[in-house]
Every structure is written in structure tokens, then in C-alpha cells.
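Colleague: Turn this into a model:
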Amino acid sequence: MSPSANLRAVFSQAPPRQFPPEIERALLRADGAWRFGSAVAAIVGTLGFVLFLPLSLVDTFRLDINAVRTSAEVVSSVYQQRAVANHAFMRRKKLFLVTFSYTDHDGRRQRAQSLAARDLRPGEKVEVEYHNDTTGLARVAGGFFVPGGYWAGVWAMIFPALAIFGRWNFRRWRQRRGHLLKFGLLAAGRIEQLWQHGPRDGGTGWVALRFSAAGNSVQHTQSVDGPALEAARSLARGDGRLTVLYDERLPRHCIVLELNPALLTA
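Modeller: This is a model prediction of the structure:
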């Protein structure tokens, strides 16, 4: 459906407008590529969170809130990797996987492992922290289980946060678009310039247009492709006139009826 006289009559209604269901669905539905991208982002966010969230942070937290200190003997110390230490702002350094044995409060001999930022000699006496209620949950004092500490958990949380932000952003776009459709004002505009930067742009171009909003001249530039690019070319070859639906509070938040893909393909 192109912006015909009937469609203009719908937009010419006094706010708040009532749209035929098919027009409202066309104007508010998400682009197919956006839907696909959102689905991929949700999947990647979930997988990234599951794969990269260090579960050992749970052990770190338990020892941070309820640990008992005692002396232990180093059994072995093996170079593990080069990474940040216990937070993200420390320089990269060598990490060692330390195995040690200690006697808990019940007199039982325990053996555990943790990372340390220095090499320890077998037989060396070190101070360790262990959990009262979980056998074998212990670390060298000042040591850690996860390179980067809690910052590693924050980094892992970025994955689902991006997917959630994408969903929130789309819902916000729909709310703003719905408000614009119901309460926006109509204005006559004119194409000032239509261009493509070069052959690499393919079927994508840009349109610079100008319209009047509340007595002020507003310039707006938007990208166009496919049917919208062809429609823009056709208008530019003529008088360049077009119709703009704009938000009175933010005029550059607008819909150019003749160039809207949903209206061109509905």
C-alpha cells in the first residue's frame, strides 16, 4: 500500500488517530532482519553466559563470607597460565595451581587446590582459608579460583545483558512509534538531496529532506534501500514533495510516508 489519498485521510485524522488493523500492524512490526538478529543475540547471550560464567565464583563467595584460617603445607605448585590476578585492574602475571594439605577443625586431613600469583615450594608452610561446612573447599590466603575474580562474573553477565537491552530497546521503539502514529503532526516536506557514496553501497542510499514543524525549518536525513530507494529516486525526478509525520516534542523523530518500507510493501 503506497501513501494514497485513503491513507493520507487516515493520517489526517485529529489525534489520537485510529488506524485500520492492517496498517497499524505494518507500521509497528519489526523488520525481519531485526527479528532474526534478536533471536541470534538471545541465543548467543545465553550460551555465552553459560560457557563463560565461572561457577567457581560461587566457591569464592562462600569463602568470602564464611572462612576459617589455618596453616597448610604445599604439596605441589605448577605453572598454570599468564592472566590477570584477583581483579581486572592488576597487571597480567603468572598464575600457579597450588595443591596443599591441611587439618580442619575436626582433625581430618584435607587436600585442596587453588590459584596463586606466586610460585610456592613443596613443603612450604602457608596460611589457607577453608569452609567450615564443605570438605575440601579451601584456598591459599590471598589466592583465588577464578582469574579476574568477580570481574570475570561481571564480564560474563554482559552476554545476557546485551540480549535484554536489545529487547528493551525494541519495546521502547514500538512505544515511541505508536505514540507518533497516534499523536504525530503532518507536514509537507521536500527532498533536497539524494545520493549514494559509490558502487559499494549497492542498493542503499541517503535522502536529505526539509520540512516545517511549528514554524521552524527542520532538516532530516535517513537511509533508504530497496523499494524506498526507488521511491525516493522517483520523487526526486519530480517535484520532490513528500509527507512527513513528526513528533511535536522531537521533530526529527518522524516518518516519511512516501519512503516508509512498511507502507510501500503493505
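
Colleague: quick one: low-confidence ranges for this protein?
Modeller: Per-residue confidence for the chain (pLDDT under 70) gives these ranges: 1-8, 29-36, 84-90, 198-202, 262, 264-266.

Colleague: can you pull out the helices in it?
Modeller: Residue ranges of the helices in the chain, as given by DSSP state H, are 5-11, 21-28, 32-52, 56-65, 150-183, 227-237, 261-265.

Colleague: And the ones you listed: which comes nearest Val218?
Modeller: Nearest to Val218 among these is helix 150-183 (14.6 Å), distances taken as CB to CB. C-beta here means a position set from N, CA and C on the backbone, and glycine is covered the same way.

Colleague: Give the buried residues for that closest one.
Modeller: Within helix 150-183, the residues scored as buried using 16 or more other CB atoms under 10 Å are 150-153, 156, 159-160, 163, 166, 180-181.

Colleague: can you tell me which residue is nearest the centre of the protein?
Modeller: The centre of the chain sits closest to Leu162, judged by CA atoms, centre = their mean, with a distance of 2.4 Å.

Colleague: In terms of distance to Ile43, which of the buried residues of helix 150-183 ranks first?
Modeller: After measuring the buried residues of helix 150-183 against Ile43 - CB to CB - the closest member comes out as Ala163, at 8.5 Å.

Colleague: residues near the residue nearest to the residue nearest to the centre of the chain when sequence neighbours are not counted, how many?
Modeller: What sits nearest to Leu162 in space, not counting adjacent residues and going by CB to CB, 6 or more residues apart in numbering, is Gly45, at 5.8 Å. Counted with other CB atoms under 10 Å, the neighbours of Gly45 add up to 20.

Colleague: Could you measure from Gly45 over to Pro160?
Modeller: With the distance defined as CB to CB, to the nearest Å, Gly45 ends up 5 Å from Pro160.

Colleague: Identify all contacting residues around stretch 155-163.
Modeller: Contacts of stretch 155-163 with the rest of the structure, by CB atoms under 8 Å, 6 or more residues apart in numbering, involve 38, 41-42, 44-49, 52-54, 88, 148.

Colleague: Same question for stretch 215-234.
Modeller: 2, 189, 191-192, 194, 203-212, 244, 246, 251-252, 254, 256, 258-261, 264-265.

Colleague: Please repeat the previous calculation with a cut-off of 10 Å.
Modeller: Under the contact criterion CB atoms under 10 Å, 6 or more residues apart in numbering, stretch 215-234 has outside partners 2-3, 187, 189, 191-194, 196, 201-213, 240, 242, 244, 246, 251-256, 258-261, 263-265.

Colleague: For ChimeraX, write a command that selects the buried ones of the residues you listed.
Modeller: Those of the contacts of stretch 215-234 that meet the burial criterion (16+ other CB under 10 Å) are gathered into one ChimeraX selection, given here:
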select :3,187,189,191,194,205,206,207,209,211,213,240,242,244,246,251,253,254,255,256,258,259,260,263,264
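
Colleague: Narrow the contacts of stretch 215-234 to those in strands?
Modeller: 187, 189, 191-194, 204-213, 242, 244, 246, 254-256 (DSSP state E).

Colleague: show me the contacts for Gly153.
Modeller: 52-58, 60-61, 146 are the contacts of Gly153 under CB under 10 Å, 6+ apart.

Colleague: What is the most widely separated pair among those residues?
Modeller: With distances taken as CB to CB, the most widely separated pair in the contacts of Gly153 is Phe52 and Phe61, at 17.4 Å.

Colleague: so how far is Thr70 from the most far-flung residue of the chain relative to its centre?
Modeller: Note on the chain: the largest C-alpha distance from the chain mean falls to Gly107, namely 50.8 Å (CA atoms, centre = their mean). Distance, Gly107 to Thr70, by CB to CB: 12 Å.
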